[in-house]
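J.: 3D, please:
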Amino acid sequence: MQQQTRVRLYDVHSWTGAFLGLFVFALCFTGTVALFFNELEPWERPAARGAMPDRPALDAAVAAVAAAHGDAFPDDFLVFAPEPYRNSILIGFQPTTPGAERITIEADPSSGAIIGPYHEGVGRFLRNLHTDLHLPSPWGRYLVGLGGIVMLLSIVTGIATHAKIIKNLHVFRPDRSRRLAWTDAHNVSGVWALPFHLMIAFTGTIIGLAGLFLIPLALATTGGDQDAAIAAIVGDPPQAAGTPAVMASLNEVLHDAAMRMPEARASLVDVHYWGDANATAHVRIEDGPDLKHVTELRYSLSSGAFREAWALSETSGGRVYAAMTPLHYGTFGGIALKALYAVLGLASSFVVASGMVVWLERRAQRGTGVSQRVSGVWVGASTGMLLATAGALALHHALPSSTDRVFGTGLTYAGLWVLAVGYAAWRAEDRTALRHLLAATAVLLAMTPLIRLSVEGAELWSSSLPAVATDMTLIAVAIATAILTQAIPVPSTHEKSPRAVSPQRVPLTRSGVE
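T.: Numbering: from 1, shown residues only. Predicted structure coming up:
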């Protein structure tokens, strides 16, 4: 590759990171936290703890919710069966009352008795921050998909820029200049986890932008037949008969589905036209040992008979698309795979952060007006996400359990993030600000299990192994963060600022960057 082409690619790589690096960092870091959305459930909510019954009382739960809501209960609703990290039954529906918002009711898995409204908390907030940035649907998801494209662009231009990419696997010179040390760290972390970076960026792009291309693609393959295009994506939609009928047992339907696919998990029953002769139940099968994202077993509720199996992965294109979500979130390999994803996700976050540090250092050495205050703001904005996440986790159990904790969590997260940015900008020394923000993050993480203990009491606090394991993980992360804080060098009061040189004095090497 000619040197001039490599220089242009380097400019694309560096300026893309400079203007959109914080956005990509946010997606990488929030995605790492979002991996453990399900595992956070028993830690968040005592009602979700306990062993799953062999036959959860779905029928009793539906009957109880229907009786409680009367005519407002619709004939289309969702029943979420108990799962490994949530013992309770959830029933979600849109009331028929004009202007009513969609609600979810939680029920006891053994008796079906109503526990109360299902209140989401910090896990949902952190996951939605990654999936749609809490923006209106579908625009937030589209924006996240564009972030995947930006990440892909940065990766591809970074690969093309480095002529000796294999050499970067082991080149690390921490005893040299600060910028060179950060450059080596950026290259090493980027190259070692390169396949993961590419996979996450590609799958994130497909998932985020699916709504823009699935329908046009389906229309193209069906000759413009809209009904056939919809059927290709979600299957043939059910139609009501208008004739009342007695409904079969949802308990038996779920049990039959579990027997047909014992290697996976029957997670959701999607009910259509409850009480009608053509009523159907679509049982969604997820989290199997393969890369199939959604498989549905479909039943007739007037007879309880199995009708058909449907999967998005029935075609070659469908198989590719169906693999995107399990690949992106690591849901096909258990907690060990998710732990590996978390380590690699943090590596992706570090690649973005270190790349921004390199860019700022280069600009400062060239005397182009990039000040320590700008560097401090970037440190505050990125490290502030760590601090805000720790604060949201710490606050969760302090909020009233009878309220929707998502709003309070959002206020906490936004407030801490703004404070972090403001403090780093005021401090105007990036290493000092970084040390202080990381130290505050470590303190909040360490306090989180203590807050849960004080709120729940010792007996309830230790009643769930997954919840206690989450607390131990938070303490371990707090210790690691504290160690990292101590490893950041303290700037000397006599330290001289980098000597400004002209751009011609800082040429690109043959590998693209030093």
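J.: Would you mind listing where the stretch 301-450 of the chain has pLDDT under the threshold?
T.: 312-317, 363-373, 401-404 (pLDDT under 70).
J.: now the strands for the protein?
T.: Taking DSSP state E as the criterion, the chain carries its strands at 77-80, 89-93, 103-107, 114-117, 265-272, 280-286, 295-300, 306-311.
J.: Can you add distance to residue 386 and give those strands back as JSON lines?
T.: The way it works is simple: take the backbone N, C-alpha and C, and place the C-beta from them, glycine included. Below are the strands of the chain laid out as JSON lines (distance: least, C-beta to C-beta, whole Å):
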{"stretch": "strand 77-80", "distance to residue 386": "31"}
{"stretch": "strand 89-93", "distance to residue 386": "31"}
{"stretch": "strand 103-107", "distance to residue 386": "30"}
{"stretch": "strand 114-117", "distance to residue 386": "32"}
{"stretch": "strand 265-272", "distance to residue 386": "31"}
{"stretch": "strand 280-286", "distance to residue 386": "30"}
{"stretch": "strand 295-300", "distance to residue 386": "37"}
{"stretch": "strand 306-311", "distance to residue 386": "39"}
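J.: Tabulate those (a markdown table), appending distance to residue 258 and mean neighbour count.
T.: Shown next, in a markdown table, are the strands of the chain (distance: least, C-beta to C-beta, whole Å; neighbours: other C-beta atoms under 10 Å):
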| stretch | distance to residue 258 | mean neighbour count |
| --- | --- | --- |
| strand 77-80 | 14 | 20 |
| strand 89-93 | 15 | 23 |
| strand 103-107 | 19 | 20 |
| strand 114-117 | 23 | 14 |
| strand 265-272 | 5 | 20 |
| strand 280-286 | 9 | 22 |
| strand 295-300 | 10 | 22 |
| strand 306-311 | 13 | 14 |
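J.: Among those strands, which comes closest to residue 44?
T.: Among the strands of the chain, the nearest to residue 44 by C-beta to C-beta is strand 103-107 (12.6 Å).
J.: Adjacent strands (with direction) for that closest one?
T.: When pairs are called by DSSP bridges, strand 103-107 turns out to pair with strand 89-93 (antiparallel), strand 114-117 (antiparallel).
J.: Looking at these, which is nearest to residue 107?
T.: That would be strand 89-93 among these, by C-beta to C-beta, at 4.3 Å.
J.: That closest one to strand 265-272, inter-axis angle?
T.: Put simply, strand 89-93 runs at 30 degrees to strand 265-272, going by axes from the mean of the first three to the mean of the last three C-alpha atoms, to 10 degrees.
J.: ok, residues contacting strand 89-93?
T.: Applying C-beta atoms under 8 Å, 6 or more residues apart in numbering, the contact partners of strand 89-93 are 56-58, 61-62, 65, 73-74, 76-82, 102-109, 112, 118.
J.: Alpha carbons of it, as PDB, please.
T.: Taking Å, rounded to 0.1, in the frame of the first residue of the first chain, the C-alpha atoms of strand 89-93 are listed here in PDB:
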ATOM      1  CA  ILE A  89     -44.500 -15.600  36.200                       C
ATOM      2  CA  LEU A  90     -45.000 -12.400  34.200                       C
ATOM      3  CA  ILE A  91     -48.100 -11.500  32.200                       C
ATOM      4  CA  GLY A  92     -47.800  -8.500  29.900                       C
ATOM      5  CA  PHE A  93     -50.600  -6.900  28.000                       C
END
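J.: from the chain's centre, how far out does that strand sit?
T.: Centroid separation for strand 89-93 versus its chain: 22 Å, with C-alpha atoms, centre = their mean, to the nearest Å.
J.: looking at this structure, which helix or strand is least sure?
T.: When each helix and strand of the chain is scored by mean pLDDT, DSSP states H and E, helix 226-234 comes last, with a mean of 57.
J.: What segments of the stretch 201-350 of the chain are helices?
T.: Taking DSSP state H, counting those that start in this stretch to define them, one finds helices in the stretch 201-350 of the chain at 226-234, 250-260, 316-322, 324-329, 334-365.
J.: May I see the ones you listed arranged in JSON lines, with distance to residue 197 as well?
T.: As requested, the helices of the stretch 201-350 of the chain are arranged in JSON lines below (distance: least, C-beta to C-beta, whole Å):
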{"stretch": "helix 226-234", "distance to residue 197": "29"}
{"stretch": "helix 250-260", "distance to residue 197": "37"}
{"stretch": "helix 316-322", "distance to residue 197": "20"}
{"stretch": "helix 324-329", "distance to residue 197": "13"}
{"stretch": "helix 334-365", "distance to residue 197": "6"}
